[in-house]
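Student: Sequence and predicted structure below; questions after.
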Amino acid sequence: MAAQNFQNYIGGRWQDAQGGRTFPNYNPATGELLGYFPLSERADVDAAVAVARAAFAKWRLTPAPRRGEILFRVGELLIRHKEELARIMTQEMGKVLKETRGDVQEGIDMAYYMAGEGRRLFGYSVPVELPNKSGLALRDSIGVVACITPWNFPVAIPTWKMFPALIAGNTIVFKPASDTPHSALRLVELLYEAGLPEGVVNIVFGAGATAGEALLQHPDVSVISFTGSTESGRHVAIEAAKSLKRVSLEMGGKNAVIVLDDADLDLAVEGLLWSAYGTTGQRCTACSRLIVSRTVQDALLAKLVPRIEQLRLGDGLDELVDVGPVINSKQLEQIHQYTEIGRTEGATLVTGGEVARDGELVRGNFYRPTLFKDVAATMRIAQEEIFGPTLSVIAVDSFEEAIEVNNNTKYGLSSSIYTRDVNRVQRAVRDITTGILYVNSGTTGAEIQFPFGGTRGTGNGHREAGLAGLDVFTEWKVVYTDYSGRLQKAQIDE
Ligand code: UN1
């Protein structure tokens with residue numbers, strides 16, 4: 001059967017890339033060809049931005065509660081299509097079904113949260129210093145937002161960007177990752193099924209270097225919301241700065257679980273397995289460092305390593321599988337390179353460390369869950385984001401050293417600490433410098449009603465989700481009304 005051809009959706013019309021080129025989409029577990037998508041270029045982006053620009057005039061005037069009702073219906077449709085979307089995601093990016101269902105659930109949560117914001121979008125009114133005058137701060141829409149999204153959360157992350165942007169009255173050009181175009185397309189179809197006016201969200205498929213670049217440079221794009229690697233994010237910020245766009249970046253992580261000598265080790269094992277090897281380690285929040293009190297290191301690893309070796313690799317559509325493939329052969333190669341780097345640096349490979357090729361696995365991009373011990377905090381495997389199922393164990397001799405090692409990377413997304421000592425918990429809350437901290441739980445599992453994001457190389461000061469997420473997509477407008485009937489001068493009149 002010929003592979004299906006998919007199209008861009010711009011201004012209510014399905015269309016090929018103007019240059020007629022396409023790219024293939026493969027299943028990373030089986031190598032199967034899933035379809036072809038348009039390889040869009042500048043002309044396609046120009047068309048999408050023009051439509052979004054035109055749609056903005058009307059959408060910004062649609063009352064926010066009405067916009068919220070559409071998002072509410074999107075939430076209902078996502079519930080109805082949860083299983084379908086989960087399967088599409090598993091097929092095109094590999095993570096296991098229970099995780100892709102969670103991915104859709106995160107989109108549902110965001111839809112309902114932002115639908116509610118349609119009747120809030122709180123601004124504020126505060127007293128002013130002159131009589132017969134008032135002041136009001138309002139959240140205003142901005143214009144056209146470009147949403148550039150990664151493949152690891154193909155539904156959730158686009159909803160974190162699009163739903164707050166939409167509730168605030170902006171219009172969108174959406175460029176999803178080339179590894180997960182089908183999930184993105186279904187999400188957009190559901191937005192329209194829910195009653196979104198044509199032109200408000202436009203989807204353009206293609207490469208970062210062409211379609212992405214055109215978005216960064218387009219004078220009519222006002223906001224760029226990007227999730228991806230730190231290297232690409234830096235480029236986005238530099239390029240977008242040339243036309244003074246607002247840029248919100250969510251980038252890499254080198255997240256650690258700290259296990260102190262008084263921790264419940266069995267609990268820590270569960271948290272470690274889930275945060276280091278869930279999603280095949282391909283979350284920005286994934287744990288890739290275990291910082292452990294030297295006195296409990298052996299006891300912890302004696303429990304953890306056999307459990308790692310029992311993890312079942314395979315096609316995520318199989319409900320018995322724990323760990324799916326990695327996204328593509330380039331990533332597989334990079335993950336393996338880090339194993340070589342770890343060996344060369346003198347770390348001890350305890351388990352994994354190789355491409356898995358047994359049986360059916362040979363068809364896909366599978367890597368054995370990997371653990372290194374005797375890792376020094378300064379080694380590259382302890383400092384650089386691998387984005388795969390590789391965990392580095394760093395032994396420490398004190399609580400202070402654990403915090404120091406935790407904070408000492410160029411990233412700052414998520415941390416976790418296992419201890420039963422309430423004083424050490426409070427000191428960790430005070431001294432850990434990541435954007436998210438878990439106490440007695442792994443490094444993943446952020447909920448959408450809280451700000452999501454990190455410090456240092458993880459972000460550029462913005463947060464997604466929660467109320468903070470609205471700040472990216474709204475402009476503050478302050479209105480002073482003087483009803484005294486005479487000229488009153490602030491700071492001058494007594
Ligand atoms: C990501 O990896 O980019 O907290 C997002 C978590 C998920 C979201 C991860 N809720 O791990």
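Tutor: Alright, I've got the coordinates.
Student: so where's the protein shaky on pLDDT?
Tutor: 1-2 (pLDDT under 70).
Student: What helices and strands are in contact with the longest helix that the chain contains?
Tutor: Ranked by residue count under DSSP state H, the longest helix found in the chain is helix 97-117. Applying 3 or more CB pairs under 8 Å, 6 or more residues apart in numbering; DSSP states H and E, one finds that helix 97-117 contacts helix 64-80, helix 82-93, helix 156-167. From N, CA and C alone the C-beta is placed, and that goes for glycine too.
Student: In CSV: the ones you listed, plus distance to the ligand.
Tutor: Below are the helices and strands packed on helix 97-117 laid out as CSV (distance: least, CB to the nearest ligand atom, whole Å):
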stretch, distance to the ligand
helix 64-80, 16
helix 82-93, 12
helix 156-167, 6
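Student: okay, the ones you listed, which one's buried deepest?
Tutor: A comparison of those by mean neighbour count, using mean count of other CB atoms under 10 Å, puts helix 156-167 on top with a mean of 28.
Student: how far away is Ala3 from Asn25?
Tutor: Noted for Ala3: a distance of 9 Å to Asn25, by CB to CB, to the nearest Å.
Student: Next: Tyr438.
Tutor: Tyr438 sits 34 Å away from Asn25, going by CB to CB.
Student: do Ala428 as well
Tutor: Following CB to CB, the distance that separates Ala428 from Asn25 is 43 Å.
Student: beta partners of Tyr36?
Tutor: Using DSSP bridges, the bridge partners assigned to Tyr36 are Asn5, Pro24.
Student: Now do the contacts for it.
Tutor: Contact analysis of Tyr36 by CB atoms under 8 Å, 6 or more residues apart in numbering lists 3-6, 22-25.
Student: Quick one, which of those are buried?
Tutor: Those of the contacts of Tyr36 that meet the buried threshold are 6, 22-23, 25, by 16 or more other CB atoms under 10 Å.
Student: follow-up on the earlier one: give the buried residues for the longest helix of the chain.
Tutor: Of the residues in helix 97-117, 97, 99-115, 117 count as buried by neighbour count, 16+ other CB under 10 Å.
Student: which outside residues touch it?
Tutor: Under CB under 8 Å, 6+ apart, the answer for helix 97-117 is 64, 68-69, 71-72, 74-75, 78-79, 81-83, 85-87, 89-90, 95, 153-156, 158-160, 163-164, 166-167, 187, 278-279, 316-317, 319, 447-449, 465, 470.
Student: Repeat the analysis, applying 7 Å as the threshold.
Tutor: With contacts defined as CB atoms under 7 Å, 6 or more residues apart in numbering, helix 97-117 is touched by 68, 71-72, 74-75, 78-79, 82, 85-86, 89-90, 153-156, 159-160, 163-164, 167, 278-279, 316-317, 319, 448-449, 470.
Student: what do you get for stretch 155-166?
Tutor: Taking CB under 7 Å, 6+ apart as the rule, stretch 155-166 contacts 67, 71, 85, 89, 103-104, 106-107, 110-111, 114, 145, 147, 149-150, 172, 174, 176, 183-184, 187, 201, 225, 227, 464-465, 469-470, 473.
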